[in-house]
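Pasting the sequence and the predicted model now:
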Amino acid sequence: MKTLIIFVTLSLIFWLFFRKKVSSKKTRQLSEKRKKELERIILDRRQEVANDKERVTKEQIRKVLVKLNLSPFIVGLFDETENLREYGFFDTFAPAYHIINSTKKEQIVFEIDRYIPLFETMDDFLEVLAYDNVLEGYIRYCPEDNIPRNTYDVLTWDGVFVRQILTWYEDCKTDDEILTVCHLLGLNYGRQILENIPVELGTEYTDEQISNWENQTIDKIGGRIK
């Protein structure tokens, strides 16, 4: 009886081991198959985008940046040879690949023929800085919002950075750090905007006060196109 129990136990252990091994092998095979399927899907997608000769490309957007005569640092950010992290700022400022790596049909959703996406300025595609080539100014918009782009304030280059400078100030960046980046970005009113914050807003303020301050500051520096 004891021998039979030992035999059954060993047989059960062997069966479980064999089953686990076979299951593991099947899992690896499925994983490899799925991996190949994903690689094929990615390659097909890249080919689809590459074959679309009507879409707006990264090279075309770069030409717009150069034509706008923005600072060399801005072009460097677009070329990804420059990075704000080198200056202690962790803001996203990279080409809007979510839009660039799309077909023209997909790009049309972003009204790309009018609003040229210069940069993605927040992680996870939460904000885009675009150039309005009709009114010849800049907007920042959230792609996930259903707000019509033609209702956004169209601003000058300095105007579109007013709220950004306040964000840096609130992040406890020093005046020198902020002014250094303002200079690199080619902002003419960086110092005026920065010095205006404690004077007009103080140390405690509401969202409504921020909105009022931003609008008033944009008007003071002549930063509003529409």
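Structure's in. What do you need? Please read all numbers here as calculations on a predicted model, not as lab measurements.

just the helices in the protein please.
Under the criterion DSSP state H, the chain contains helices at 2-51, 58-67, 72-79, 97-100, 104-107, 162-170, 175-184, 190-200, 207-220.

Report the mean per-residue pLDDT for the fifth one.
This points to helix 104-107. Computed over helix 104-107, the mean pLDDT rounds to 92.

How about the fourth one?
Helix 97-100 shows an average pLDDT of 94 in the prediction.

quick one: contacts of that helix?
Where contact means Cβ atoms under 8 Å, 6 or more residues apart in numbering, the residues beyond helix 97-100 that reach it are 56, 57, 58, 61, 107, 110, 112, 117, 120, 125, 128, 143. C-beta: built from backbone N, CA, C; applies to glycine.

Narrow the residues you listed to those in strands?
With DSSP state E as the criterion, strands contain 117, 120, 128 from among the contacts of helix 97-100.

neighbour-wise, which of these leads?
The most crowded member of those, judged by other Cβ atoms under 10 Å, is residue 117 (24 neighbours).

how far away is that residue from residue 174?
Between residue 117 and residue 174 the distance is 31 Å, computed by Cβ to Cβ, to the nearest Å.

and the helices of the chain as JSON lines, adding distance to residue 90 and mean neighbour count?
Formatted as JSON lines, these follow (distance: least, Cβ to Cβ, whole Å; neighbours: other Cβ atoms under 10 Å):
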{"stretch": "helix 2-51", "distance to residue 90": "29", "mean neighbour count": "10"}
{"stretch": "helix 58-67", "distance to residue 90": "22", "mean neighbour count": "14"}
{"stretch": "helix 72-79", "distance to residue 90": "14", "mean neighbour count": "17"}
{"stretch": "helix 97-100", "distance to residue 90": "19", "mean neighbour count": "18"}
{"stretch": "helix 104-107", "distance to residue 90": "28", "mean neighbour count": "14"}
{"stretch": "helix 162-170", "distance to residue 90": "11", "mean neighbour count": "19"}
{"stretch": "helix 175-184", "distance to residue 90": "12", "mean neighbour count": "16"}
{"stretch": "helix 190-200", "distance to residue 90": "19", "mean neighbour count": "16"}
{"stretch": "helix 207-220", "distance to residue 90": "21", "mean neighbour count": "14"}
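
Tabulate these in a markdown table, adding columns for distance to residue 154.
Rendered in a markdown table, the data for the helices of the chain read as follows (distance: least, Cβ to Cβ, whole Å):
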| stretch | distance to residue 154 |
| --- | --- |
| helix 2-51 | 30 |
| helix 58-67 | 16 |
| helix 72-79 | 18 |
| helix 97-100 | 19 |
| helix 104-107 | 20 |
| helix 162-170 | 14 |
| helix 175-184 | 21 |
| helix 190-200 | 18 |
| helix 207-220 | 11 |
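
Would you mind telling me which of those helices is nearest residue 89?
Shortest separation from residue 89 across the helices of the chain is recorded for helix 175-184, at 6.0 Å, computed as Cβ to Cβ.

Of the ones in strands among the contacts of helix 97-100, which is the nearest to residue 86?
Once Cβ to Cβ is applied, the member of these that ends up nearest residue 86 is residue 120, at 18.5 Å.

one step back: looking at the helices of the chain, which one has the lowest mean pLDDT?
When mean pLDDT is averaged over each of the helices of the chain, helix 2-51 scores lowest at a mean of 60.
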